[in-house]
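K.L.:
the following comprises the amino acid sequence and a computationally predicted model.
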Amino acid sequence: MAKIGFVGLGNMGGPMARNLAKAGHEVRGFDLSPAAMDAAAAGGVQRAQTAADAARGAEFVITMLPAGKHVRDAWLGEGGMAAASEPGAVLLDCSTIDVETARAVAAGRPMLDAPVSGGVMGAENGTLTFMVGGSEEGFARARPILEAMGRTVVHCGEAGAGQAAKLCNNMLLAISMIGTCEAFALAEKLGLSHQALFEVASKSSGQCWSLTTYCPVPGPVPGSPANRDYRPGFAAALMEKDLGLSQQAAEASGAATPLGAAALELYQRFVKLGGAETDFSGIIRLIRDSRR
């Protein structure tokens, strides 16, 4: 079993670290939130005093942080993790950040960018999808660790490729969720029940993950956030962040993403109107209230 340092024990990182401990690994974790530290400790994660303390002596060091600035600070700034980590340690960042930061942090180190898809439910159940960028050697070493936290682990290419895959995936997810919400909003206006639309669309050409796994209306998929008043899940503020990163990447690369740009505009409106901490599927409320 491996010695693992884990920094960032929030809604996603906490369950991920606990799953590593459950698999028998020795996990030392750190978070700025005492409540997050307590929850991790209750799941078998040892307490580290600082981010650098978590990294020191570990064979694998993992971060799961909110944004690129936090990742840069943890590894290269005052967090001191790059300096504290062992020369032969495999470094993994599971945050969703911009490609430029992922490549900058990896410079000169055996580091993998390994963002995830699957939300809090996937983190808790150990069914996440990992999109990994970095060397073949580093990926081979890290794969058993990632498989203790997820069901699907894909090597996407060199440093930054994991983040590129995540941004493309989440842009597609946001677009498909908006389309699903629009379909249900139209069905409501036409007097068609949620269940009837679900039964038809889930078995025909309208089928997608946003419908069959994460349905944005209560009833058809009991486990979706719509059945708990849109408590996340994956918060709309995080989707707004990811869409912003996707549009930043699109502009830098010269890619045309008109639906991605429209999705970002809608999520910006939803967040501005108070939906930041609502699950991203809750954007159906904005769509219902929108006027032509």
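P.N.:
Good, I have the coordinates. This structure is a prediction, so every number in the text was calculated from the model and none was measured.
K.L.:
give me the below-cutoff pLDDT ranges for the stretch 51-200 of the chain.
P.N.:
Applying pLDDT under 70 to the stretch 51-200 of the chain flags the ranges 106-109.
K.L.:
what's the spacing between S95 and A67?
P.N.:
With the distance defined as CB to CB, to the nearest Å, S95 ends up 7 Å from A67. Glycine gets a C-beta too; all of them are placed from N, C-alpha and C.
K.L.:
more crowded one of those two?
P.N.:
S95 (27 against 15; other CB atoms under 10 Å).
K.L.:
that one should be in a helix, yeah?
P.N.:
No: counting by DSSP: H, G, I helix; E, B strand; the rest coil, S95 is not found in a helix; it is coil.
K.L.:
check contacts around it.
P.N.:
S95 makes contact with G8, T63, M64, L65, P66, A67, G68, H70, V71, P115 under the criterion CB atoms under 8 Å, 6 or more residues apart in numbering.
K.L.:
in strands, which of those fall?
P.N.:
T63 (DSSP state E).
K.L.:
wait, which of the contacts of S95 is closest to N19?
P.N.:
Within these, distances to N19 taken as CB to CB reach their minimum at M64, with 12.2 Å.
K.L.:
relative to F130, how far out is the closest one?
P.N.:
Counting by CB to CB, the gap from M64 to F130 is 12 Å.
K.L.:
tell me, what's touching those two both at once?
P.N.:
The contact sets of M64 and F130 overlap at C94 (CB under 8 Å, 6+ apart).
K.L.:
now the helices: where do they sit in the protein?
P.N.:
Taking DSSP state H as the test, the helices found in the chain are 13-22, 34-42, 51-55, 68-76, 81-84, 99-106, 119-125, 136-147, 161-189, 194-201, 209-212, 236-253, 258-270, 284-289.
K.L.:
turn the ones you listed into a markdown table, including distance to I4 and mean neighbour count.
P.N.:
As requested, the helices of the chain are arranged in a markdown table below (distance: least, CB to CB, whole Å; neighbours: other CB atoms under 10 Å):
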| stretch | distance to I4 | mean neighbour count |
| --- | --- | --- |
| helix 13-22 | 6 | 24 |
| helix 34-42 | 12 | 16 |
| helix 51-55 | 9 | 25 |
| helix 68-76 | 15 | 20 |
| helix 81-84 | 13 | 19 |
| helix 99-106 | 18 | 21 |
| helix 119-125 | 16 | 19 |
| helix 136-147 | 7 | 17 |
| helix 161-189 | 19 | 21 |
| helix 194-201 | 41 | 16 |
| helix 209-212 | 30 | 20 |
| helix 236-253 | 24 | 20 |
| helix 258-270 | 34 | 18 |
| helix 284-289 | 39 | 16 |
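K.L.:
of the ones you listed, which is nearest P220?
P.N.:
Proximity of the helices of the chain to P220 was assessed by CB to CB; the nearest stretch is helix 194-201, lying at 3.8 Å.
K.L.:
what's the closest one packed up against?
P.N.:
Contacting helix 194-201 under the criterion 3 or more CB pairs under 8 Å, 6 or more residues apart in numbering; DSSP states H and E are the following elements: helix 161-189.
K.L.:
run the angle between the helix it packs on and helix 236-253 for me.
P.N.:
Per axes from the mean of the first three to the mean of the last three CA atoms, to 10 degrees, the angle that helix 161-189 makes with helix 236-253 is 120 degrees.
K.L.:
mark out where each domain of this structure begins and ends.
P.N.:
Residue ranges for each domain of the chain read 3-158, 164-289, as given by automatic domain parsing.
K.L.:
what sits up against the biggest strand by length in the chain?
P.N.:
Identified as the longest strand of the chain according to DSSP E is strand 150-157. Contacts with strand 150-157, where a contact means CB under 8 Å, 6+ apart, come from 116, 118, 122, 126-133, 136, 139, 143, 146-147, 162, 164-165.
K.L.:
cool, and stretch 221-236?
P.N.:
By CB under 8 Å, 6+ apart, the surrounding residues in contact with stretch 221-236 are 11, 119-121, 198, 212-219, 238, 267, 270-271, 275-285.
K.L.:
just stretch 177-195 next, same as before
P.N.:
Here stretch 177-195 makes contact (CB under 8 Å, 6+ apart) with 196-197, 201, 206, 208, 210-211, 214-220, 263, 266, 280-281, 283-284, 287-288.
K.L.:
mind running it again at 10 Å?
P.N.:
Contacts made with stretch 177-195 from outside it, assessed by CB atoms under 10 Å, 6 or more residues apart in numbering, are listed as 196-201, 206, 208-212, 214-220, 226, 234, 239, 259, 262-263, 266-267, 279-290.
K.L.:
do the same with stretch 249-257
P.N.:
98-100, 163-164, 167-168, 171, 175, 243, 246-247, 258, 260-261, 263-264.
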